[in-house]
Structure formats: structure tokens, C-alpha cells
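Visitor: compute the structure for the input listed below.
(one chain, ligands or ions: 1)
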Amino acid sequence: MKSDTGALDALLSEDRRFPPPADFSAAAVVRDPEIYRKAAENREVYWAEWAGELDWFEPWHTVLEWSPPHAKWFLGGRLNVSHNCLDRHLSGARRDKTALLWEGEPGDVRRYTYQQLHAEVCRFANALRGLGVEKGDRVTIYLPMIPEAAVAMLACARIGAIHSVVFGGFSPESLADRNNDAKSKVLITADGGWRRGGIVPLKANADEALRDSPTIEHVVVVRRGGELSEKVATGLQDGRDHWYHDLLAGASPESEPESMDSEDILYILYTSGTTGKPKGVVHTTGGYLTQVYATTRAVFDLKEDDVYWCTADVGWVTGHSYIVYGPLANGATVLMYEGAPDTPDRGRFWDICQRYGVTVFYTAPTAIRAFMRWGDQWPGRYDLSGLRLLGTVGEPINPEAWMWYHRAIGGERCPIVDTWWQTETGAIMITPLPGLTDTKPGTAALPFPGIEATILDNNGEETSAGYLAVTSPWPSMLRTVWGDDDRYRATYWSRWPNVYFPGDGAKRDQDGYLWILGRVDDVLNVAGHRIGTMEVESALVDHHAVAESAVVGKSHDIKGQSIAAFVTLKEGFEGTDALEEELREHVGRKIGAIAKPELVIFSADLPKTRSGKIMRRLLRDIAEGRTVGDTTTLADPAVVARLQKMYAEEE
Ligand code: WTA
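Guide: I've put the predicted structure just below:
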């Protein structure tokens, strides 16, 4: 846990409060505070009410079966997620409503009504069936932020295939690892995508990954189009590779949705943990859709004419739950943007908000801090008066960034929902309700109605400062780790009996608000991206010059955290600038650019206990420039002073 108690005390003495504006509350989707009491009184009845707003082919007979640490929700119920996101909106006015409004980085625009999106998804579902994809098969999706990413996910959901979306920034090796762990049968990719004026060569990466992905039988390639497709010569391998548009040309726009059991798997999403190997978080159908539907509606206060924009990438869970499944299950108009916020200039997001009349905007603190650094003049050039609600997710938001968001983007009139959740929780867990909750800068406030979360100490006793804990099962919880139920038990359920351990530290204030303080395990949060220290360490020691490495997080003004790597070299190698750069590139190649260490410190030795365990705590102190804690258990206490000196020189 961060031991910077000064900052913590400052946080908890935060006394600015922002009650919801009266007109916002009066019109809010959730405006009766009784919802908290009702949900607490009978959580199963409460969640069943939300589930009842979805379309079920067969009703459930039991709401919850809890045999710790395994939960099942809405047992016996049958439904299809793509049917709920598309078909059920086709009978009324929503048929011609815009479902997806997409803008590419170069400025190309595509719009799909619900009917058009339905037809496209059905065509692709048929095409996938034509390639032999059956219910339960795994399909890897490695795409840029283009409409086909949503189409591919929904098409998988339609036929009961399990998708595994891999963020386009991951390296070929990371892609191959994920293909192999899931034993995916099909890979869906694109010739490329635009990012900051450059091209992300997805097909070339995919080809590299495919040399080491023996289970993949077919590859579907989307032609991104325009100038990009002219620039990227995409070679297709006969028999294995297929153009997306060729497959769709011959496919019927009608496709029966597979009737799925509530507990059938919807997707796997790999996320970093405390070992070198990312884990495949498994989400199922009925409970997941119920909670993403409910939270999207209640937290984002969705109304029929909202234009809703979540800036996440579909490669992360936020994109799954709050670009695709939650908003579409609600029949919303979803904006999707392909590229970077500073292309062609730093006003791009606000230009988009103005042009499309965005009303609800959901982004990450790291982005807000970058906007803040770029200055008020960028949002100041645009009319942002259409915005009525703002959200943040991904890491703790510092009060200064919150206040800036409130003023410069929200015009001091928009409530801000600071939403805490995780890949594993599937949906929002702790959040203000925008029409009910007084917000305070820096806290996610209270558990969503129907969620039971608290703060516990090591012994499982309630405390006001300790570990965040979720004390009862929730509908969208992960069901297991793909292929590794032992890891599921060990990671999340072994700290306390039958209580979920998210890996975050937290404090409770006098109003009962929960302040999330960040990870307490060896997971870093770099610009909202989850990265395991062990993953980076494995990548480093994979380099022929490296003997040993220890990776820690270091506070960063914009990214929240950046990566500092302490490295000892093998005999005969010298820690030069060139080698430092080579190691950075090596990590980029092994994992992806997001994992490149910002700082590499070469050292003859690392602080170890007499039994040989690296004391990361001390390295964290060094990286943060803090007074170094207790060193008495070190085999060689002098190593700390040496490292501090080297560190100061490097920085
Ligand atoms: C952190 C992203 C503070 C937290 C949806 C969590 C947050 C991890 C918040 C999950 C927030 C997410 N306040 N911290 N509002 N939201 N986190 O799996 O450490 O990519 O455990 O899911 O992000 O990251 P993940």
C-alpha cells in the first residue's frame, strides 16, 4: 500500500462536496434513495428486477446459487446477449435510431442504426458459422477501434462463441500467448488502424503471432479502408486468411441467435496479475448482462436521446462493458473514436463532443491529467454545453484533476461519477449515483445498490483503513480463471473465507465513502493499463545481457504510475545508454509498448534478504525518493545507499 500518509490525510480531509444539481436529480433515472434500502433488504429480488428488464428465451428458476467461491446467477434462464443488444430494439422507434456513431482518426465517419448494426452482426455471425465456428469455440479479436470490433464481439455472442479480445497495442508474442492459452480457432484482425497519425500494423503483427499459434484455423481480415489500406499491402495466406468484406458479401442478414444458458461463457479477457502469465478472466451471460445493463442505465443516467461516449479501447474491460454490451443493451447511441486525443491537435475530443452533441462522457484520470496539462484553451475553443454527465474509471483520481474536469469540461454543472471496478468484477461496483449522491473530489463514494463492499484488515475484521473487500457475490463477477480454477481460488478467495479480494487498498471517511488508494499487490497501473511487475521482469531477464531484474511502480504526474526497472547484468555486459534503450525495446517487443520501463537502473546487486528474496518495498522507496524503510533484514544493507545514489544520477 502507498505509505504516503501525508497525501492520504490531505485526501481524507477533502471537504468539498458537490450535491447533484436539483434539475439533474429531478429528471434522473434513479432519484429515489430508497433503492439502497430495497436492494439491501433483498438483494436477489432486487437483481432479479433488473434481470427482468432483459429479454429471456426461458425464465430462470433460481436467482443465485452460491457455493463459495463459485456463484451462478439466474439458473435455468436462457437468453442471448446480441439479441438483447440488437433484436429487441428493432420492433419500435429504436429500429432507425443510431446505435453506433464512429469516427476514424483521419476524420472518416460511419453511422449504424440498430437495424443496420443488426444486419451486419447477423451477416458476420453467419460468416463465422461458415468457417466452422461453433458454440463454445474461442475466437480471438485483435482489432483497432473500428465498428467491426463491436460487430465481431456481438457476432460471437450471437452464435455462442467465446471471444477473447486482445488490445491492439499488445505485441505478437502476447497475442500468440493468448491464442494458445484459449486455444482459439479463429483470429479476427485488420490490415491496420490509425494511431497518432501512424499506422498500427495489426495484420503484420498477427502474421508473426500466427507462426506460433497452432490452434488458429482461420483468420478474418478487416480492410480498414481509405488511405490506410492503400498504404498497407496485406498479404493473405490462401485457405487460412479471408477478407471480412468477402465473407460478408455472400452472407444472409438474418441469423438465429443461439439460445444460451445464463451461465454459458460470453467471453474471456486476459488481464495482468502478480505472476508473469496474464490470466483469462471468464465472464458468463445472464448475470454479466444484467449488471452491465443496470449500471449503465443507473450510473450514466441514460435517456433515449443521449449521445454517450466512452473513450476506452475495446481491448480492455471498460470497452467491453461500457462501449458495447451495457450501452447497446440499453438501446443507446454510442460514440466510438478510433484514434488519439491529440491528433490532429489537442482539441480533438472536445471537437468530437461539440460536433456530435455528446451528452455523457466517460474517460480515465490519466487522460484528464493530460488535458489539464495541455491547458484550458483546448476545451475553451469548443461548445461543451451539451455535456450533462461525466465519468472516470481506471485509477484513483486526484482531487486536482477532478476539480479541473468539473470546471473546464463540466462547466461546473455536470455531476462526475468516479466508478471503481475491475476486469474481474465485470461491471461498476462502487460509484456515486448522479441524481442522488453528493460527490467529493477523489472518492468513488458508495457501493452500487445490491453490491456489498467494505474494508477489512488481514484478519478479516472491519476497519476504516485496509483492504477493499467484496463480501457477497454479485451478478457480473468473474466465474473462474480460464483453465486454472486453482489460480482463481488462490488469487481472489484465499485472503479471507468466502470474501472477494480485489487487490486494492481503501479508506472509509466519516460519511462512509470509500476512497480507493490503489493496488496493494505487484500490479502496476500505468496510464490506466494494468501491468504485472513479474511480466516486465520476465521480459527483461529474457534478454541475453540480463541476469536479474526487479520492477516497481513510480508515481507519474500524467500516467499515475510509470515503470522503473532495476537490472543486474551478466558478466561481461556494461550498462550503457544503448543497452538501456535496447532493453526498453525488448520489453516492447515481448509485451507491448505500454510495458516499456521509463527508467532502467543498472546495478551490481539488488537489495535482498538473507534468504535471497528481493525487497521490493525498498526499491519502491528508492523509486519514489522516500526515506527508505527498515533495512535490517538485508544481507548487505550498503546496497541501498549505492542504489539511491545511482538512482539520483539516472533521474
Ligand atoms: C483501479 C478497469 C480507483 C483499481 C475497469 C482496480 C480504480 C484496477 C478505479 C482495475 C477508480 C479502477 N478509483 N482505482 N475509480 N477504477 N481502478 O482491471 O486498482 O483494468 O483494481 O479494470 O484499476 O483495472 P482493470
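Visitor: bridged to the residue in the stretch 501-650 of the chain that the ligand sits nearest to, which residues?
Guide: At 3.7 Å from the ligand, I516 is the closest residue in the stretch 501-650 of the chain, using C-beta to the nearest ligand atom. No exception for glycine: its C-beta is placed from N, CA and C like everyone else's. Counting by DSSP bridges, I516 is bridged to A506.
Visitor: correct me, but it touches W420?
Guide: Yes: with contact defined as C-beta atoms under 8 Å, I516 reaches W420; the gap is 5.1 Å.
Visitor: please enumerate the shared neighbours of these two.
Guide: I430, A444, D504 (C-beta atoms under 8 Å, 6 or more residues apart in numbering).
Visitor: what residues does the chain put near the ligand?
Guide: Counting by C-beta under 6 Å from any ligand atom, the chain comes close to the ligand at 271, 316-318, 393-396, 418-423, 444, 502-504, 516, 518-519, 525, 530.
Visitor: what residue of this protein is the furthest out?
Guide: Distance to the chain centre peaks in the chain at G572, reaching 41.9 Å (criterion: C-alpha atoms, centre = their mean).
Visitor: show me where the stretch 201-350 of the chain has its helices.
Guide: Taking DSSP state H, counting those that start in this stretch as the test, the helices found in the stretch 201-350 of the chain are 202-210, 226-231, 244-249, 286-299, 317-319, 326-329, 348-356.
Visitor: buried sites along the longest one?
Guide: What that stands for is helix 286-299. 286-299 (16 or more other C-beta atoms under 10 Å).
Visitor: what is the end-to-end distance of stretch 58-68?
Guide: 26 Å (C-alpha to C-alpha, to the nearest Å).
Visitor: quick one: it to chain centroid distance?
Guide: 27 Å (C-alpha atoms, centre = their mean, to the nearest Å).
Visitor: buried ones in that stretch?
Guide: For stretch 58-68, by 16+ other C-beta under 10 Å, it's W60, V63, L64.
Visitor: please produce CSV containing those, extended by pLDDT.
Guide: Below are the buried residues of stretch 58-68 laid out as CSV (pLDDT from 0 to 100):
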residue, pLDDT
W60, 98
V63, 98
L64, 98
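Visitor: inside strands: which ones of those?
Guide: V63, L64 (DSSP state E).
Visitor: I figured G426 was touching R479, is that so?
Guide: No: between G426 and R479 there is no contact, the gap being 9.7 Å when judged by C-beta under 8 Å.
Visitor: between those two, which has more neighbouring residues?
Guide: G426 (30 against 21; other C-beta atoms under 10 Å).
Visitor: distance check, P379 against the ligand.
Guide: Separation of P379 from the ligand (C-beta to the nearest ligand atom, to the nearest Å) stands at 22 Å.
Visitor: please disregard the earlier target; I meant P69.
Guide: 18 Å.
Visitor: what's near enough to touch that residue?
Guide: Taking C-beta under 8 Å, 6+ apart as the test, what P69 contacts is Y488, R489, Y492, W493, N498, Y500.
Visitor: OK, contacts around the residue lying closest to W243 once chain neighbours are set aside?
Guide: Nearest residue to W243 in three dimensions, chain neighbours excluded: V221, at 5.8 Å (C-beta to C-beta, 6 or more residues apart in numbering). Under the criterion of C-beta under 8 Å, 6+ apart, the contact list for V221 reads T189, A190, D191, K203, T234, L236, D241, H242, W243, Y244.
Visitor: scan those and report the most crowded one.
Guide: Of the contacts of V221, with other C-beta under 10 Å as the count, T189 tops at 31 neighbours.
Visitor: that residue pairs with what?
Guide: Beta-bridge partners of T189, as defined by DSSP bridges: Y142, V221.
Visitor: state the pLDDT value of it.
Guide: The pLDDT attached to T189 in the predicted structure is 98.
Visitor: wait, it sits on V222?
Guide: Yes: with contact defined as C-beta under 8 Å, T189 and V222 form a contacting pair (7.2 Å).
Visitor: buried ones in the helix or strand that A125 is a member of, by neighbour count?
Guide: Using DSSP states H and E, A125 falls within helix 114-130. In terms of neighbour count (16+ other C-beta under 10 Å), helix 114-130 has its buried residues at 114-129.
Visitor: and if you look at stretch 605-621?
Guide: Quick answer for stretch 605-621 (16+ other C-beta under 10 Å): L606, P607, K608, I614, M615, R616, L618, L619, R620, D621.
Visitor: quick one: end-to-end distance for that stretch.
Guide: 17 Å.
Visitor: between T189 and V222, what contacts are shared?
Guide: In contact with both T189 and V222: L143, using C-beta under 8 Å, 6+ apart.
Visitor: just to revisit the earlier point, tell me the two of the contacts of P69 that are most distant?
Guide: Greatest spatial distance in these: Y488 and N498, 13.7 Å, computed using C-beta to C-beta.
Visitor: more neighbours: which of the two?
Guide: Y488 (20 against 13).
Visitor: element containing T423, please.
Guide: Residue-wise, T423 maps onto no helix or strand under DSSP H and E.
Visitor: is it in contact with R530, as I believe?
Guide: Yes: using C-beta under 8 Å, T423 is in contact with R530, at 7.3 Å.
Visitor: any regions of this protein where pLDDT drops low?
Guide: Scanning the chain with the threshold set as pLDDT under 70 gives 1-12.
Visitor: now do the domain split for it, please.
Guide: 22-504, 523-650 (automatic domain parsing).
Visitor: ok, which stretches of the stretch 351-500 of the chain are helices?
Guide: Using DSSP H, counting those that start in this stretch, helices in the stretch 351-500 of the chain cover 365-374, 377-380, 399-404, 485-492.
Visitor: pipe the buried residues of stretch 605-621 into TSV and attach secondary structure per row.
Guide: Formatted as TSV, the buried residues of stretch 605-621 follow (DSSP: H, G, I helix; E, B strand; the rest coil):
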residue	secondary structure
L606	coil
P607	coil
K608	strand
I614	strand
M615	coil
R616	helix
L618	helix
L619	helix
R620	helix
D621	helix
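Visitor: picking up where we left off before, and I516 and W420? Which one has more around it.
Guide: Neighbour tally, I516 and W420, criterion other C-beta under 10 Å: the higher count belongs to W420, 27 against 20.
Visitor: ok, that one - contacts?
Guide: Contacts of W420 by C-beta under 8 Å, 6+ apart are V393, I428, M429, I430, T431, A444, D504, L514, I516.
Visitor: and the first one, how close does it get to A367?
Guide: Using C-beta to C-beta, to the nearest Å, V393 is found at 11 Å from A367.
Visitor: kindly report the same for A453.
Guide: 26 Å.
Visitor: give me the more crowded residue out of those two.
Guide: A453 (23 against 20).
Visitor: list the contacts for the nearest residue to H118 once chain neighbours are set aside?
Guide: Nearest non-adjacent residue to H118, counting by C-beta to C-beta, 6+ apart: L86, 4.3 Å away. L86 makes contact with A99, Y114, L117, H118, V121, L154, L328, according to C-beta under 8 Å, 6+ apart.
Visitor: just the strands in the stretch 51-200 of the chain please.
Guide: 62-67, 70-75, 78-79, 98-103, 109-113, 138-142, 162-165, 186-190, 193-195, 198-200 (DSSP state E, counting those that start in this stretch).
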